[in-house]
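[1] no FASTA, just this:
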Ligand SMILES: CSC[C@@H](O)[C@@H](O)C(=O)COP(=O)(O)O
Ligand SMILES: [Zn+2]
């Protein structure tokens, strides 16, 4: 059975103890409970990380994400991470390991200044990557336009405002790897190739979505899941994802 380990003062327990619902250590378990009910983080897959200034909060690996408690949350200082192979944690709950998604979350924080990164194993995301399998590897792109929900996305990195109804939303797809951490290089390459994207799909696996704030990351993750589901249904009906309505 998954258990929460009560921390002591010397393991920086104060970093995750707060009565504020908006505190990252309270918000991550609450968000994961919501995401579990959407089928995004079932069977321990997926997760969420939040950055508050230089502090990064993240979940343990291999735990049932919807049953997590604030006591289970890891904390690290972003600016102190010199060697990705020797990650230094301000707070490490005993008997647990940090999420395997950690280097991918960190890529969103360092390369895109994100405040929150959400990883889902949504079946809609996986289905979209399967529908795109005929495109060349590493040049795969999900594209959709002329759908109202596209307005749920920001224009891009360091840009003001949201995408418009007629804009085309583009989400790159990277190939899956046997170990989550080995996705980091291709996720970073996709960020470089598509600097304005707020998400990267992982073939036969799921999606990473981020935003400047928790609110924006959640809005974009929900908008994307809506669009992925819609895209799968459109394909079944023989409807194109891109149209030239002016
Ligand atoms: C169902 S196992 C899924 C994991 O391998 C991974 O893809 C994942 O998303 C969660 O990794 P975790 O280390 O448990 O946070
Ligand atoms: Zn995953």
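    Yep, that arrived. These figures come from a predicted structure and were not determined experimentally. Numbering: from 1, shown residues only. Ligands and ions are numbered 1, 2, ... in the order given.
[2] give me the distance between the residue nearest the centre of the chain and ligand 1.
    Nearest to the mean C-alpha position of the chain, by Cα atoms, centre = their mean, lies residue 118 at 2.4 Å. Distance from residue 118 to ligand 1, counting by Cβ to the nearest ligand atom, to the nearest Å: 11 Å. Backbone N, C-alpha and C define where each C-beta goes, glycine included.
[3] ditto for residue 237
    31 Å.
[4] likewise residue 181?
    Counting by Cβ to the nearest ligand atom, the gap from residue 181 to ligand 1 is 9 Å.
[5] pretty sure that residue sits in a strand.
    No - with DSSP: H, G, I helix; E, B strand; the rest coil as the criterion, residue 181 is located in helix rather than a strand.
[6] burial measure for it, as a count.
    Burial of residue 181 is recorded as 15 neighbouring residues (other Cβ atoms under 10 Å).
[7] cool, residue 82 as well?
    8.
[8] tell me the domain ranges of this structure?
    1-99, 121-246 (automatic domain parsing).
[9] quick one: which of the ones you listed is nearest residue 111?
    Nearest to residue 111, of all the domains of the chain, is domain 121-246, at 5.3 Å by Cβ to Cβ.
[10] mind giving me the packing neighbours of the longest helix anywhere in the chain?
    Longest helix in the chain, counting residues (DSSP state H): helix 214-236. On a contact count with 3 or more Cβ pairs under 8 Å, 6 or more residues apart in numbering; DSSP states H and E, helix 214-236 meets helix 24-37, strand 116-120, helix 123-131, strand 140-144, strand 199-202, strand 206-211.
[11] looking at the domains of the chain, which has the lowest confidence?
    Sorting the domains of the chain by mean pLDDT places domain 1-99 lowest, at a mean of 91.
[12] residues of this structure that sit close to ligand 1?
    Residues of the chain lying close to ligand 1 by Cβ under 6 Å from any ligand atom are 43-47, 59, 61-62, 99-101, 119, 180.
[13] try 5 Å
    43-47, 61-62, 99-101, 180 (Cβ under 5 Å from any ligand atom).
[14] strands - which of the residues you listed land there?
    Using DSSP state E, the subset of the residues of the chain next to ligand 1 located in strands is residue 47.
[15] measure the closest residue to residue 196 other than its chain neighbours to residue 194 for me?
    Spatial nearest neighbour of residue 196, excluding adjacent residues (Cβ to Cβ, 6 or more residues apart in numbering): residue 156 at 2.6 Å. Distance, residue 156 to residue 194, using Cβ to Cβ, to the nearest Å: 9 Å.
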